[in-house]
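> Could you look at this predicted model? Sequence included:
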Number of protein chains: 2
Amino acid sequence: MRFIIQRDRLVQSVQDVMKAVTSRTTIPILTGIKITASSEGVTLTGSDSDISIESFIPNEEDGDEIVEIKQAGSIVLQAKFFSEIVKKLPTDSVEIEVLGSLQTVIRSGKSEFNLNGLDAEEYPHLPQIEENNKFHIATDLLKTMIRQTFFAVSTSETRPILTGVNWKIENGELNCIATDSHRLALRKAKIEIENNESYNVVIPGKSLNELSKIIDDSNELIDIVITENQILFKAKHLLFFSRLLEGNYPDTSRLIPSESKTDIIVNTKEFLHAIDRASLLAREGRNNVVKLSTIDGGVIEISSNTPEVGKVVEEIQSQSIDGEELKISFSAKYMMDALKALEGTDIRISFTGAMRPFVINPLHDETTLQLILPVRTY
Amino acid sequence: MRFIIQRDRLVQSVQDVMKAVTSRTTIPILTGIKITASSEGVTLTGSDSDISIESFIPNEEDGDEIVEIKQAGSIVLQAKFFSEIVKKLPTDSVEIEVLGSLQTVIRSGKSEFNLNGLDAEEYPHLPQIEENNKFHIATDLLKTMIRQTFFAVSTSETRPILTGVNWKIENGELNCIATDSHRLALRKAKIEIENNESYNVVIPGKSLNELSKIIDDSNELIDIVITENQILFKAKHLLFFSRLLEGNYPDTSRLIPSESKTDIIVNTKEFLHAIDRASLLAREGRNNVVKLSTIDGGVIEISSNTPEVGKVVEEIQSQSIDGEELKISFSAKYMMDALKALEGTDIRISFTGAMRPFVINPLHDETTLQLILPVRTY
């Protein structure tokens, strides 16, 4: 194998596939990046066996030569060293050549690295996925949907299925749901799907988080293919595979109350900042619980009291408070996570009593919903 | 105590004095910030008993009212909570009031914090320093001198005196020296000093590092007063006290070779980047040793070899190599630290053989010197 490549494109691709590489693997070859040079260009692959990422660098793009292939072939190089080296090379152009016995030379200007490679034949094959049923979604919308749900997955392995995000596709609508059993995040969107297929899968939260880091904030379409135990995201020059979680995701639809007893409409930012301040003294203990009380004249009071430190009282003028008077306690962290995930300047919070889960929606937007279970303090 | 103050000025002063506050103290009151309101303004104090910082906020500056004192007095508030609170307050103006029994109210807009304070009478007094013999130095020069020496102090407590920077003042010249016994950094500057006093003290490296974080990059003068066991830096509205280290600093002047056998002149950045790359594969092991060899035609070769990973060879065209041929090995980290501390586009490295310490100077600048001990690899 021997080729000459533009350094910046190589650096970008290496950074992308590095998202899948971990040093904590029991399969030594997965600490490496696989490099394959073919007549069309160079392909880099990284994998931790849960996530696999393939990035392709074409010989030519928009009339610019990016890669010059001198000899096809492949090699696996230690990801940690290879990624550091390419970032620091002195010139814009890099030559990579495999000598006999897996010795690989990286040349750039007057700098020459000689790395011990690993046999690419030993690198695991990526899953072969039949692309019969695929659908697509705008990349920026996908990123938003991940951001609005991923944070609510469980970080505990006691119920592994809750560490993933449930994707349900039915009647041309994608429903993303995440819950750690204390709060729930839901985001819906219309998608175009062939044959009107339906799916119900659970994608590891970690996979979605890594995916959202490497895809652009563009409105280009990304293709998605779901199989029995894999999901594949196909963007331009990029393949992202993730395994799916096994098991049944709990039916969350019954959790979401359909009616409410108290409805508050309030400015998102003002509310977020007041919660943030009210939680400052509470952060010490195990939970950072704050109390919300409705007051006359549409005023909401947020308060917390930690006897050994002090207490905080915040007042916010709401746009409206409808229904019953209310005093309720909840985790400030969960509320701030939910508020940060919502879009829109104003939100509606719908309560069904101090002991029942409550729902937060952006005003005039039914595609996003955040649900939080209150904390009993009385 | 009761006063109203501009939030931004309060935040800035709190951040400055926080540099001295640590949560790892055996004296509970030192986890707090002392706030004193007098007829002139508000004084904040933080201390970890090694470093003490006092920041003063005057009632008025350049005709703007900054503080409005309603009632003089003082209180100590938990630094961790107080600093977080002031940063997040909703309005530009903050009212602080001590009620009975040390209860302190912080008000801003519709936000009201009630903190349990501590008795300011129990806060330790700062050292009283007689200002008979003081000298001054431009703030930006002081920052530079700290940056160029601080990094070379020892981080090990086996010889505590080496964790400090040796300041020697003699004949109107300040000499700053730091060494961890593997390398040495030296920076000299002319200063104006009354009575031509001489001093030889050792300032904890940590103190100088914290000081350099809170002083401006301006050419305003900073006053310095040295006593038997304390040093005081006086900037505008800021007092910074540090204890001095006890014991005798080793005489380092004999370490610095006065002649050389090989002299290299090379571009600082090119040399730094080559060393950085050559050390990439070596970073794994306990030491990241690189080898320097002079080659014909003024070329320097930097190389390293880690058999299990691979090897690197870098060539740099020097401006000149004078004297004997040379092969020498040294720590890439020490060399990079030294190069980053130097100013100037070109450097001279003066060697006296492969086993002897060598000296790095900026070209045409005798005020800065870095010395490194080589590593024996043959």
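Yep, it's here.
> show me the contacts for A:T139.
Neighbour list for A:T139: A:215-222, A:235 [criterion: Cβ atoms under 8 Å, 6 or more residues apart in numbering or on different chains]. Every residue, glycine included, has its C-beta placed from N, CA and C.
> now do 6 Å
A:215-216, A:218, A:220, A:222 (Cβ atoms under 6 Å, 6 or more residues apart in numbering or on different chains).
> Now which of those residues would you call buried?
A:215, A:222 (16 or more other Cβ atoms under 10 Å in any protein chain shown).
> What pairs with the helix or strand of chain A with the lowest mean pLDDT, parallel or antiparallel?
Least confident helix or strand, chain A: strand A:192-193 with a mean of 82, by mean pLDDT, DSSP states H and E. Taking DSSP bridges as the criterion, strand A:192-193 forms sheet pairs with strand A:134-138 (antiparallel).
> buried sites along the next helix or strand after the strand it pairs with?
Of the helices and strands lying after strand A:134-138 in sequence (DSSP states H and E), the nearest is helix A:139-150. Residues A:139, A:141-150 are the ones in helix A:139-150 that count as buried (16+ other Cβ under 10 Å).
> go on, stretch A:5-22?
In stretch A:5-22, counting by 16+ other Cβ under 10 Å, buried: A:5-7, A:9-11, A:13-14, A:16-22.
> that older thread, nearest to A:V165 among the buried residues of helix A:139-150?
A:T149 (5.3 Å; Cβ to Cβ).
> OK, contacts around the closest one?
A:165, A:176, A:178, A:185, A:187 are the contacts of A:T149 under Cβ under 6 Å, 6+ apart.
> do that again at 8 Å, thanks
Counting by Cβ under 8 Å, 6+ apart, A:T149 makes contact with A:165, A:176-178, A:185-187, A:341.
> just checking, which of the residues you listed belong to helices?
A:A341 (DSSP state H).
> so which of the contacts of A:T149 are also by chain B?
By Cβ under 8 Å from any Cβ of the partner chain, no member of these lies near chain B.
> so can I have TSV of the contacts of A:T149 showing neighbour count?
Shown next, in TSV, are the contacts of A:T149 (neighbours: other Cβ atoms under 10 Å in any protein chain shown):
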residue	neighbour count
A:V165	27
A:C176	21
A:I177	25
A:A178	28
A:A185	27
A:L186	22
A:R187	23
A:A341	19
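> Specify the beta-bridge partners of the residue lying closest to A:G32 once chain neighbours are set aside.
Distance criterion Cβ to Cβ, 6 or more residues apart in numbering or on different chains; nearest residue to A:G32, sequence neighbours excluded, is A:V76 at 3.9 Å. As for beta bridges, A:V76 partners with A:K34, A:L118 under DSSP bridges.
> what number of residues lie near A:V76?
25 (other Cβ atoms under 10 Å in any protein chain shown).
> can you list the residues of chain A near chain B?
Residues of chain A lying close to chain B by Cβ under 8 Å from any Cβ are A:78, A:81, A:84-85, A:88-90, A:104, A:110-116, A:273-274, A:276-277, A:280-281, A:308-316.
> Please narrow those to those residing in helices.
A:81, A:84-85, A:88, A:273-274, A:276-277.
> How is chain A partitioned into domains?
Using automatic domain parsing, the domain parsing of chain A gives A:2-122, A:134-206+A:216-230+A:242-253, A:256-372.
> Please name the residues that touch A:K80.
Listed by Cβ under 8 Å, 6+ apart, the contact set of A:K80 reads A:23, A:31.
> doesn't A:F241 make contact with A:P204?
No - applying Cβ atoms under 8 Å as the test, A:P204 and A:F241 come out as separate, 11.7 Å apart.
> one step back: farthest pair within the buried residues of stretch A:5-22?
So, those by Cβ to Cβ: farthest apart are A:Q6 and A:T22, at 27.6 Å.
> Contacts for the helix or strand encompassing A:V17, please.
Element membership for A:V17 (DSSP H and E) is helix A:7-18. Identification of contacts with helix A:7-18 by Cβ under 8 Å, 6+ apart yields A:33, A:42, A:44-46, A:53-57, A:66, A:79, A:82-83, A:86-87, A:89, A:91-94, A:108, A:214, A:238.
> swap the cut-off to 7 Å and go again
Taking contacts as Cβ atoms under 7 Å, 6 or more residues apart in numbering or on different chains, the residues outside helix A:7-18 that touch it are A:33, A:44-46, A:53, A:55, A:57, A:66, A:79, A:82-83, A:86-87, A:89, A:92-94, A:108, A:214, A:238.
> Only alpha carbons, please: show that helix as CSV.
The C-alpha coordinates for helix A:7-18 follow below in CSV (Å, rounded to 0.1, in the frame of the first residue of the first chain):
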residue,chain,number,x,y,z
ARG,A,7,-3.2,16.1,5.6
ASP,A,8,-6.3,18.1,6.6
ARG,A,9,-8.7,15.6,5.1
LEU,A,10,-6.8,12.7,6.7
VAL,A,11,-6.9,14.5,10.1
GLN,A,12,-10.7,15.0,9.8
SER,A,13,-11.4,11.4,8.9
VAL,A,14,-9.1,10.1,11.6
GLN,A,15,-11.0,12.2,14.2
ASP,A,16,-14.3,10.9,13.0
VAL,A,17,-13.4,7.2,13.2
MET,A,18,-11.6,7.7,16.5
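> any idea how far it is from the chain center?
Helix A:7-18 sits 20 Å away from the centroid of its parent chain (Cα atoms, centre = their mean, to the nearest Å).
> Return the host helix or strand of A:I203 as CSV; C-alpha atoms alone will do.
Counting by DSSP H and E, the element that carries A:I203 is strand A:199-204. What follows is strand A:199-204, C-alpha atoms only, in CSV (Å, rounded to 0.1, in the frame of the first residue of the first chain):
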residue,chain,number,x,y,z
TYR,A,199,-40.1,-0.5,13.6
ASN,A,200,-39.6,-0.5,17.3
VAL,A,201,-35.9,-0.6,18.3
VAL,A,202,-33.7,0.6,21.2
ILE,A,203,-30.4,2.4,20.2
PRO,A,204,-27.6,2.7,22.9
